[in-house]
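Engineer: below is the sequence, then the predicted model.
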Amino acid sequence: MKSLPDKLLMVFGQQKRLVADRPSASFLLTLASRMRGLVLVAGVVIGAHAHASSEGASAPAQPNRDVSQWVEHMRGAVCQSPYSGTFVVMSASGAMSSSRITQACDGGVQIEKVESLTGAPRTVYRRNGEMRTFFGSTRTVRTDRADTLAVFPQPSVVPGAQLSQYYSAKRLGSERVAGRMADVLWFKPQDDLRLGYRIWSDQATGLVMKLQTLAVDGRVVEQAAFSEIDWNAPVRAEDLSRSMDAIAGFQVVTVNVRKTSAQSEGWGLRQPVEGFVPVQCYRRTLATQADTRSVLQCSYSDGLASVSLFLEPLDAVRHADLQSQEVSMGATQLLGRKVGEDAWLTVVGEVPRKTLYRFSQAWVRLR
């Protein structure tokens, strides 16, 4: 795996050195554990002020739904049919990339392949809870867990989230995206701790075809969309699995993942952040010839937005000149700071920076 997530390098451009000066384990694991959340939700600018049109007047009328019902409808797209499509992503700074996503199911097995079409060659496979990332230029394959929290192209399931309490839903109309009719929805946040979403959901399947992430003031800060999608693609789950397992000739790098909880690791939130519930917590260990790094990753979500906290030992070299760090990547914000005398906390999320501060200040050592 590259020393830094590709999106950090792509989005910041002139700020590459800032990130490269601190290649912490948090950064090394961000792409693997949150690829869909940090990359797929980046997006393509199809129109800075896209509005719902009357183009879909002939489409059947859609029922009035609250935000939870619309999200449930979108989740129904999973495994309805194999598909292959191209999506283009663009950051708020104008940097753009594209990838091809292919998905198929076979019984209880759901497998997905994401191929980068721009930048360094990279192919990511996800099969249920397993993920493998192939880096063609270095002939390296990295294995990890595939637990992700995302909205695009299918919302994650978050038990305990109270979506309708923190978002309102409004159907704006219908439009065509990638040749298919989609309901245009506005998920408006009810406070300033989360961002808004404008979503184009395929009327036939519920799949999210296009997503705009909106700042508190209504500005579009990130966008994502399929430019084309084939629902009749000759895709078979067994063929994707065979490709995923073809690791001969590659150097295999394995991240050891152990499920845990913040409390059992001696950490936790002094008080919860409104609307966000704990989702998962893992201890990730990456052993290389140079050294061994262990990171605690705990994720929280409100059902749409997600925040991940990465806790690692304070490094005398990498953290020598840092008391805190703040980075912005469109809708994605990053906040890093020293915790106590021996730990470094990195908080990442597609939320306003105010929300990251809430998490950062509430995160404390319990013992």
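Structural biologist: Nice, thanks for sending it over.
Engineer: secondary structure class for R198?
Structural biologist: Under the three-state scheme (DSSP: H, G, I helix; E, B strand; the rest coil), R198 adopts strand.
Engineer: what sits against it?
Structural biologist: Taking CB atoms under 8 Å, 6 or more residues apart in numbering, we find R198 in contact with A50, L172, V184, L185, W186, F187, L211, Q212, L214, V220. (Glycine included, C-beta is placed from N, CA and C.)
Engineer: wait, which of those is closest to A233?
Structural biologist: Nearest to A233 among those is L211, at 21.8 Å by CB to CB.
Engineer: is it correct that that closest one is in contact with G196?
Structural biologist: No - using CB atoms under 8 Å, L211 is not in contact with G196; the gap is 11.2 Å.
Engineer: could you list the buried residues of stretch 210-218?
Structural biologist: K210, L211, Q212, T213, L214 (16 or more other CB atoms under 10 Å).
Engineer: ok, stretch 305-323 next?
Structural biologist: Result for stretch 305-323 [16+ other CB under 10 Å]: buried residues A305, S306, V307, S308, L309, F310, L311, E312, L314, H319, L322.
Engineer: surely the first one meets G349?
Structural biologist: Read it as A305. Yes - between A305 and G349 there is a contact under CB under 8 Å: 6.7 Å.
Engineer: CA atoms of the helix or strand hosting A169 as PDB?
Structural biologist: Using DSSP states H and E, A169 sits in strand 167-177. Extracted in PDB, the C-alpha atoms of strand 167-177 (Å, rounded to 0.1, in the frame of the first residue of the first chain):
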ATOM      1  CA  TYR A 167     -32.900  14.900   9.400                       C
ATOM      2  CA  SER A 168     -36.000  15.900   7.500                       C
ATOM      3  CA  ALA A 169     -36.700  14.500   4.100                       C
ATOM      4  CA  LYS A 170     -38.300  16.300   1.100                       C
ATOM      5  CA  ARG A 171     -38.800  15.000  -2.400                       C
ATOM      6  CA  LEU A 172     -37.800  17.700  -4.900                       C
ATOM      7  CA  GLY A 173     -38.900  15.900  -8.100                       C
ATOM      8  CA  SER A 174     -37.300  13.500 -10.500                       C
ATOM      9  CA  GLU A 175     -34.400  13.600 -13.000                       C
ATOM     10  CA  ARG A 176     -32.400  11.300 -15.300                       C
ATOM     11  CA  VAL A 177     -29.000  10.200 -14.100                       C
END
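Engineer: if we can go back for a sec, could you turn the buried ones of the contacts of R198 into a PyMOL selection?
Structural biologist: Selection of buried members from the contacts of R198 for PyMOL, criterion 16+ other CB under 10 Å:
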select buried, resi 50+172+184+185+186+187+211+212+214+220
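Engineer: coming back round to it: overlap of the contact sets of A305 and G349?
Structural biologist: With CB under 8 Å, 6+ apart as the test, A305 and G349 both reach T355.
Engineer: isn't A104 up against Y125?
Structural biologist: No - the pair A104 / Y125 is not scored as a contact, 11.5 Å apart, by CB under 8 Å.
Engineer: find residues that contact each of those two.
Structural biologist: I111, L240.
Engineer: so, if you compare the contacts of R198, which one comes nearest to R270?
Structural biologist: R270 lies nearest to F187 out of these, by CB to CB, at 29.2 Å.
Engineer: bridging residues for that closest one?
Structural biologist: Beta bridges link F187 to A169, Y197, judged by DSSP bridges.
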